[in-house]
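# kindly return the folded structure for what I paste below:
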Amino acid sequence: MQPLGDQCRHYWRVQDMARTTDVDLVGAFRDGRITSHEWAAMIDLCRACDWGEGCQAWVQAAQAPRPIPSQCKNKARFALLKCEQELAQR
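A predicted model of the protein is given here:
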């Protein structure tokens, strides 16, 4: 098992992934669709991911919005939040 990555770096990586995939994490938190514990769990999943360097390169090369990459350990959570976000906008 690899050591967890830096919390601050992965906080921003989760934010970058959300922005690139057009998921509004702040809005989801504000609307109660995600708790602070769930947000922290997303960061911890990111910290444990072995695709970190690939993720960073993917986000930097991305022209938003893009589909959530299959390598992302938070793919299911991002997909659910995106679906809820789209439903709320209707």
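# and the helices in the protein?
Using DSSP state H, the helices assigned to the chain run over residues 7-20, 25-30, 36-48, 52-61, 75-89.
# ok, which of these comes nearest I68?
Across these, the minimum distance to I68, taken as CB to CB, is reached by helix 75-89, at 4.8 Å. No exception for glycine: its C-beta is placed from N, CA and C like everyone else's.
# follow-up on the earlier one: from the helices of the chain, which stretch is densest packed?
The highest mean neighbour count among the helices of the chain belongs to helix 7-20 (a mean of 18), with neighbours defined as mean count of other CB atoms under 10 Å.
# run through who's touching that one.
23-25, 39, 42-43, 46-47, 52, 55-56, 58-59, 62, 64-66, 68, 72, 74, 78 (CB atoms under 8 Å, 6 or more residues apart in numbering).
# and for stretch 49-66?
2, 5, 10, 13, 16-17, 19-22, 46, 69, 71-73.
# distance check, the spatially most central residue of the chain against R90.
Averaging the C-alpha coordinates of the chain gives a centre point, and the residue nearest to it by CA atoms, centre = their mean is V14 (4.0 Å). Spatial separation of V14 from R90 under the definition CB to CB, to the nearest Å is 26 Å.
# where does this protein dip in pLDDT?
Counting by pLDDT under 70, the chain contains low-confidence residues at 1-2, 62.
# distance of the closest residue to D31 other than its chain neighbours relative to R77?
Of all residues beyond its chain neighbours, the one nearest D31 is A88 (7.2 Å), with distances taken as CB to CB, 6 or more residues apart in numbering. Applying CB to CB, one obtains 16 Å for the distance of A88 from R77.
# follow-up on the earlier one: may I ask which two of the contacts of stretch 49-66 are separated the most?
Taking CB to CB, no two of the contacts of stretch 49-66 sit farther apart than Q2 and D22, at 29.7 Å.
# cool, thanks, talk later.
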